[in-house]
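>>> Any chance you can model this:
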Amino acid sequence: MTTIETHARTARTPWPFTGREEELELVRRSLTAGRPGIVVTGPAGCGRTRLAAEAVHGTGCARAAGTPGARGTAFAAFAHLLPDGVTLHRAVQLLADVKVLLVDDAHLLDDASAALLHQLAVQGRTRLLVVATDGAPVPDAVTRLWTGELLPRLALEPLPAHDTAQLLTAGAGGPLEPLTAGRLHRLCRGDLRLLRELLGAVRDEGLLAPVPGTGERAWRGRVPLTATLRERAAPVLARPCPGERETLDRLAFAEPLPLPVDALDLSVLERLETDGLIEVDDGEAATTVRLAHPLHGPVLRAAAGRLRAGRLAGARGSLRAALDAEAAALTRSVERADVRTKRAPVGEWLVAEGERVPPGYAAVLARVSRLRGELREAAAWAREGLASAGEDAACRRELELTAARSGEADTAAGFDAYDAVRLGAPGRAAGLLPSGSVFARHARALADADGPALDRVAAELAERGFLLYAAEAHAQAVRVHRDPTAARTARTRAVALARRCQGACTPALSGLVLGELTARQRQIVTLAATGLSNRQIAERLTLSVRTVGNHLYGAYTRLGASDRGALPRPAGLPHAQPA
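Numbering: from 1, shown residues only. Next comes the predicted model:
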């Protein structure tokens with residue numbers, strides 16, 4: 001007997017399913033009696049297969065899948081369901097009685113399997129769940145499933161950063177510092193398979209370090225160059241042309257700054273652009289070029305020898321001017337009351353490399369993050385500034401504002417009086433807010449107890465990037481709406497926005513988010529917020545530790561939280577201190 005041993009470092013437990021609850025419900029409804037099914041498409045690594053598996057879990061449906069090496073074999077995908085030598089007509093007859101059929105990797109189907117799938121859809125007796133990858137060649141018979149309107153199509157986008165927090169917590173064995181979570185998401189561009197591989201390598205190589213006083217861990221410095229990551233970066237690592245590889249390396253070591261096009265060989269750039277390896281930007285001052293995938297630069301730098309790295313690193317320009325430009329642009333966005341965009345590639349690069357972040361710059365990033373409702377990220381930027389300066393008044397103030405979770409008065413122009421509105425006292429802000437601004441309209445709507453006006457203000461705040469303020473405005477609308485349906489809609493929107501605000505707990509939101517939980521979940525979350533461990537909660541409520549853990553996990557899922565620190569805290573409770 002042959003025994004195959006699995007290395008402990010490569011064994012991976014399944015990640016929790018998260019961030020696709022609405023899509024999951026849509027797919028499940030599409031597979032109910034009387035429905036034809038659905039096609040799910042999306043980029044590689046976006047979670048298509050996991051979504052499909054969750055949708056059919058426990059249904060006992062039949063399954064088939066395309067494979068790249070079997071395209072020359074007729075009905076290869078359905079070989080386990082059909083006898084040898086079967087005709088298309090007979091295959092349709094044999095599978096007609098299958099109630100639900102899941103076909104994964106449909107872009108890899110052989111022509112006979114694709115024709116069979118199309119005929120089953122035409123027949124309409126079998127409910128079909130078909131999964132295919134965007135950007136890959138798809139057999140015409142499969143494409144006609146949605147272009148011919150036989151089946152509806154659900155096109156998935158990569159999972160956004162705020163929905164990957166729970167996955168990263170599970171993969172890391174505990175909460176990650178938000179700047180680290182953001183770095184992982186950027187490097188992987190929402191590809192969950194790559195995210196899992198990279199996080200596993202970072203964890204296994206001991207690159208996660210505890211952040212004092214937070215219970216979080218952070219990753220700074222090099223990208224671990226595993227075999228899988230080398231394979232993912234093969235398009236740049238394996239370029240056979242020396243001139244192309246030299247250009248790619250120069251771009252990698254110039255990061256986070258781009259290089260002027262006229263400093264590089266144009267013929268080489270044309271080939272690299274055709275292959276999708278570089279991006280060209282026609283800026284105001286000059287046309288510049290940078291690497292297209294954010295993972296390629298770190299991998300190329302990690303793969304370079306010491307002498308080559310030393311030569312290329314010395315050619316990078318000064319980052320000071322670029323940092324100042326980023327800070328100025330972010331300050332202007334606050335002045336315009338529009339923080340929907342937060343571009344900080346130079347600052348993010350400094351953090352990733354473990355370099356010192358100027359405190360003035362860090363304070364600006366912390367402020368913008370706080371205004372966007374990214375409270376844990378705001379605290380992380382403030383800590384970066386304090387680590388560089390030892391003590392900085394602006395960073396200390398941002399850290400205190402964020403830690404309070406209640407938005408104490410912001411003395412910045414246009415926002416100090418606005419805190420009175422958010423706290424439910426619009427009369428105190430009369431005449432102090434900029435006339436005609438969305439903040440003044442929020443004050444007027446609240447003073448008039450006008451639910452529809454509050455919802456309109458909330459929608460504009462969300463559009464401008466002020467997600468926490470939008471959640472609060474919707475929450476205030478809930479309490480003044482006379483129409484129960486409008487109140488429920490406002491409440492749903494408030495909860496959805498609050499979930500994206502990294503554990504925010506303000507007076508306007510108090511009790512609103514917890515209303516999403518069952519009575520037992522609310523009870524356990526309230527106790528957890530006081531700092532009690534699972535075992536202490538279990539002893540107090542006469543439950544098993546496992547039951548408490550299950551209820552907390554259910555609360556995480558419902559609230560979009562990644563850990564205890566991201567759970568909402570009932571009003572009046574002090575912040576629990578990290579263990």
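>>> count of residues packed around the nearest residue to residue 68 once chain neighbours are set aside?
With sequence-adjacent residues excluded and distances taken as Cβ to Cβ, 6 or more residues apart in numbering, residue 68 is closest to residue 108, at 5.4 Å. For glycine as for every other residue, the C-beta is placed from the backbone atoms N, C-alpha and C. Using other Cβ atoms under 10 Å, residue 108 is surrounded by 24 other residues.
>>> which residues in this structure form strands?
37-42, 62-65, 100-104, 127-133, 153-155, 208-211, 216-219, 259-260, 278-282, 287-291 (DSSP state E).
>>> can you count the residues close to the residue lying closest to residue 92 once chain neighbours are set aside?
With sequence-adjacent residues excluded and distances taken as Cβ to Cβ, 6+ apart, residue 92 is closest to residue 119, at 4.9 Å. Number of residues near residue 119 (other Cβ under 10 Å) recorded here: 16.
>>> distance of residue 119 from residue 149?
16 Å (Cβ to Cβ, to the nearest Å).
>>> For the residue nearest to the spatial centre of the chain, which residues are in contact?
The centroid of the chain falls nearest to residue 161 when counting by Cα atoms, centre = their mean (1.8 Å). For residue 161, the contact set (Cβ atoms under 8 Å, 6 or more residues apart in numbering) comprises 181, 182, 185.
>>> Also residue 523?
Applying Cβ under 8 Å, 6+ apart, we find residue 523 in contact with residue 541.
>>> what's the answer for residue 268, then?
241, 243, 244, 247.
>>> filter those residues to the buried ones?
Neighbour counting by 16 or more other Cβ atoms under 10 Å classes 244, 247 among the contacts of residue 268 as buried.
>>> Compute the mean per-residue pLDDT across stretch 382-396, please.
Per-residue pLDDT values over stretch 382-396 give a mean of 90.
>>> let me redo that: stretch 422-431
Across stretch 422-431, the average pLDDT comes to 80.
>>> Flag every buried residue along it.
By neighbour count on 16+ other Cβ under 10 Å, the buried set for stretch 422-431 is 422, 423, 426, 429.
>>> what distance separates it from the middle of the whole chain?
35 Å (Cα atoms, centre = their mean, to the nearest Å).
>>> For it, which outside residues touch it?
Here stretch 422-431 has contacts from 407, 417-418, 420-421, 440, 442-444, 446-447, 469, 472, 476, 506-508, using Cβ under 8 Å, 6+ apart.
>>> picking up where we left off before, which one of the buried residues of stretch 422-431 is nearest residue 287?
The shortest approach to residue 287 among the buried residues of stretch 422-431 belongs to residue 422, at 44.6 Å (Cβ to Cβ).
>>> For residue 539, see how far away the closest one is.
Here residue 422 is placed at a distance of 39 Å from residue 539 (Cβ to Cβ).
>>> again with residue 519
20 Å.
>>> Compare the two and say which is more crowded by neighbours.
residue 539 (13 against 7).
>>> Next one: that one relative to residue 16, how far apart?
27 Å.
>>> cool, and residue 531?
Applying Cβ to Cβ to residue 531 and residue 16 gives a distance of 24 Å.
>>> List the residues that contact residue 134.
Here residue 134 is in contact with 41, 42, 43, 155 (criterion: Cβ under 8 Å, 6+ apart).
>>> Kindly recompute the last result at 6 Å.
41, 42, 43 (Cβ atoms under 6 Å, 6 or more residues apart in numbering).
>>> Return the member of these nearest to residue 487.
Proximity of the contacts of residue 134 to residue 487 was ranked by Cβ to Cβ; the top entry is residue 42 with 34.9 Å.
>>> gap between the closest residue to that closest one other than its chain neighbours and residue 141?
Spatial nearest neighbour of residue 42, excluding adjacent residues (Cβ to Cβ, 6+ apart): residue 156 at 3.2 Å. According to Cβ to Cβ, residue 156 and residue 141 sit 22 Å apart.
>>> same question, residue 325
Using Cβ to Cβ, residue 325 is found at 52 Å from residue 141.
>>> Could you do residue 296 as well?
According to Cβ to Cβ, residue 296 and residue 141 sit 36 Å apart.
>>> Return the member of the contacts of residue 268 nearest to residue 175.
Checking those one by one against residue 175 (Cβ to Cβ), the nearest turns out to be residue 247, at 39.7 Å.
>>> Might one say that residue 524 is in contact with residue 551?
Yes - checked against Cβ atoms under 6 Å, the pair residue 524 and residue 551 is within contact range at 4.8 Å.
>>> ok, the two, which is more surrounded?
The residue with more neighbours, out of residue 524 and residue 551, is residue 524; 28 against 23, by other Cβ under 10 Å.
>>> can you pull the contacts of that one?
Residues in contact with residue 524 (Cβ under 6 Å, 6+ apart) are 537, 548, 551.
>>> Likewise for residue 131?
When contacts are counted by Cβ under 6 Å, 6+ apart, residue 131 touches 40, 48, 52, 104.
>>> Which strand residues bridge the first one?
It refers to residue 40. Note on residue 40: beta-bridge partners by DSSP bridges are residue 131, residue 154.
>>> Please look at residue 380 and residue 179 and confirm they touch.
Yes - assessed by Cβ under 6 Å, residue 380 is found in contact with residue 179 at 4.8 Å.
>>> Let me see the confidence value for the spatially closest residue to residue 534 that is not a sequence neighbour.
In space, and not counting its chain neighbours, residue 534 is closest to residue 548: 4.7 Å by Cβ to Cβ, 6+ apart. At residue 548, the model reports a pLDDT of 88.
>>> now residue 548: how far from residue 215?
19 Å.
>>> if I look at the residue nearest to residue 364 when sequence neighbours are not counted, how far off is residue 349?
Nearest non-adjacent residue to residue 364, counting by Cβ to Cβ, 6+ apart: residue 327, 4.7 Å away. Distance, residue 327 to residue 349, using Cβ to Cβ: 15 Å.
>>> neighbour count winner among the two?
With neighbours defined as other Cβ under 10 Å, residue 327 and residue 349 compare such that residue 327 has more, 21 against 18.
>>> Find me the pLDDT at that one, would you?
96.
>>> Please parse the chain into its domains.
As assigned by automatic domain parsing, the chain contains the domains 21-155, 161-229, 233-313, 320-404, 407-509, 511-579.
>>> quick one: the first one to chain centroid distance?
Using Cα atoms, centre = their mean, the distance from the centre of domain 21-155 to the centre of the chain it belongs to is 28 Å.
>>> quick check: mean pLDDT across that domain?
92.
>>> Would you mind measuring the gap between the ends of it?
From its first residue to its last, domain 21-155 covers 15 Å (Cα to Cα, to the nearest Å).
>>> And for residue 216, the neighbour number?
Counted with other Cβ under 10 Å, residues neighbouring residue 216 total 26.
>>> what is it paired to in the beta sheet?
On the basis of DSSP bridges, residue 216 is bridged to residue 211.
>>> Touching, it and residue 175? I think so.
Yes - judged on Cβ under 6 Å, residue 216 makes contact with residue 175 at a distance of 4.9 Å.
>>> ok, now which residue in this structure is the farthest from the centroid?
Taking Cα atoms, centre = their mean, the residue of the chain most remote from its mean C-alpha position is residue 85, at 46.9 Å.
>>> separation between that residue and residue 62?
Taking Cβ to Cβ, one finds residue 85 at 20 Å from residue 62.
>>> now do residue 479
Taking Cβ to Cβ, one finds residue 479 at 51 Å from residue 62.
>>> again with residue 140
Where residue 62 is concerned, residue 140 sits at a distance of 24 Å (Cβ to Cβ).
>>> tell me how far the ends of stretch 77-89 are from each other?
16 Å.
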